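Undergrad: pasting the sequence and the predicted coordinates here, then a few questions.
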Amino acid sequence: MAVRWKCIILLCPLFLGGCAGLFRSSASLRPIPSDVLVQRLHRHAGKLQTFIGEGRVTVVTTEGGFRGGLGITSQLPDSLFMKVEGPLGVDVMLGQIGGGRFTFYYPRDQLAYTGSIQAMHENSLLPLDLGVAEMARGALGLFLQQDLTSSGSVTLSDDVKQYILTMDDGQILWVDPDGPVVTRWERRDEAEELLWTWEGSRHVTHRGIRLPRMVRVTQYQPTQQVTLFFEKIRVNRSLKQGWSNVTLPEGVEPIEL
C-alpha cells in the first residue's frame with residue numbers, strides 16, 4: 001500500500017494542473033481588490049512576447065459566412081501578420097498590422113488596401129470591430145485594453161470558480177484565477193443591450209503562459225461573429241527578419257484609405 005501511494009505522489013506533477021488542482025476547494029477562492037486583479041492580468045499578459053498560431057477561422061455576418069484556414073504571427077504589443085486560406089489552401093487574405101497602420105491584400109480580387117487602424121474600421125475591412133487597443137492580444141486570447149484601469153468591484157461567479165470584475169463604465173470581465181486570464185468580456189450600452197462580447201476557452205499552457213485555443217468575438221446590432229480556433233501554438237520564439245511583410249504582385253498598387 002505504501003508503494004502505491006508513493007507512485008501516486010510521484011505521478012501527481014504529470015497531471016494538468018497538478019494534484020493541487022484535483023483537491024483544491026472552491027471555497028478557497030475569495031474576492032480580491034480590483035487593482036490587485038488587474039495588476040495580475042497585466043502581469044500574466046506581459047509574459048507573451050511573440051506568438052505563432054495555426055488553425056481555422058469562421059466568420060458569420062448578416063451577409064453570409066466563411067470558414068477557412070488561419071495563420072497568425074505576432075510580436076507584442078501591436079504587430080500582427082495574418083493569412084486566411086480558403087478551400088484547397090488558396091490564399092484569401094494576407095494582412096499586416098503594425099505601427100498604427102495596416103496592409104490587407106486580397107489575391108482573388110487583386111486588391112490591396114493600406115492606411116491607419118482607424119481607417120481600417122471606418123471602411124469595414126474586418127467583419128467586425130475588434131477594437132484598436134491591444135488588437136494583437138485580443139486575437140491571441142489575452143484580451144486586455146492597455147488603458148484597463150483598476151476602478152471597479154470584484155465578486156465571485158455562481159460556481160465560485162471565477163472572479164467577476166465589474167468596471168465603473170459598465171464593462172464586465174469574467175476572470176479565471178489560473179493565469180489569471182479573461183474568459184469573457186462584455187460591454188453594454190446605456191439601455192443594457194449587449195454591444196459586443198469576447199470569449200476565450202479551451203485554454204492550454206505554453207512556456208508558463210495560459211492561452212485559449214478558441215477565441216470568439218461577437219458584435220451585436222447587427223450580429224456578426226468571428227471565431228478563431230488554434231490547432232498549433234508556439235510562443236516566445238525568435239521571428240525571422242521580414243516575418244510581417246506582405247509582398248504585393250507587380251501591378252497591384254495599394255489603395256490608401
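TA: Ah, there it is.

Undergrad: which residue ranges form the helices in the chain?
TA: Assigned by DSSP state H, the chain shows helices spanning 2-11, 18-23, 34-45, 117-122, 135-140.

Undergrad: what packs against the fourth one?
TA: So the one you mean is helix 117-122. Where contact means 3 or more Cβ pairs under 8 Å, 6 or more residues apart in numbering; DSSP states H and E, helix 117-122 is packed against strand 101-106. Every C-beta, even on glycine, is put in place using the N, C-alpha and C of the backbone.

Undergrad: what's the answer for the longest one, then?
TA: With contacts defined as 3+ Cβ pairs under 8 Å, 6+ apart, helix 34-45 has these neighbours: strand 152-156, strand 163-167, strand 181-188.

Undergrad: who does the longest one pair with, and is each partner parallel or antiparallel?
TA: Strand 181-188 sits in its sheet next to strand 172-176 (antiparallel), strand 194-206 (antiparallel), going by DSSP bridges.

Undergrad: can I get the ones you listed in JSON lines including mean pLDDT, mean neighbour count and distance to residue 151?
TA: Converted to JSON lines, these look like this (pLDDT from 0 to 100; neighbours: other Cβ atoms under 10 Å; distance: least, Cβ to Cβ, whole Å):
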{"stretch": "strand 172-176", "mean pLDDT": "93", "mean neighbour count": "20", "distance to residue 151": "13"}
{"stretch": "strand 194-206", "mean pLDDT": "91", "mean neighbour count": "16", "distance to residue 151": "20"}
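
Undergrad: dump the ones you listed into a markdown table; add distance to residue 221 as well.
TA: Formatted as a markdown table, the strands paired with strand 181-188 follow (distance: least, Cβ to Cβ, whole Å):
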| stretch | distance to residue 221 |
| --- | --- |
| strand 172-176 | 18 |
| strand 194-206 | 7 |
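
Undergrad: for residue 36, find the nearest of those.
TA: Closest approach to residue 36 among these is made by strand 172-176 (11.4 Å; Cβ to Cβ).

Undergrad: nearest to residue 154, out of the strands paired with strand 181-188?
TA: Residue 154 lies closest to strand 172-176 among the strands paired with strand 181-188, at 8.4 Å (Cβ to Cβ).

Undergrad: which residues touch that closest one?
TA: For strand 172-176, contacts defined as Cβ atoms under 8 Å, 6 or more residues apart in numbering pick out 37, 41, 157, 161-167, 181-187, 203.

Undergrad: try it again at 6 Å.
TA: The contact list for strand 172-176, computed with Cβ atoms under 6 Å, 6 or more residues apart in numbering, reads 162-166, 182-186.
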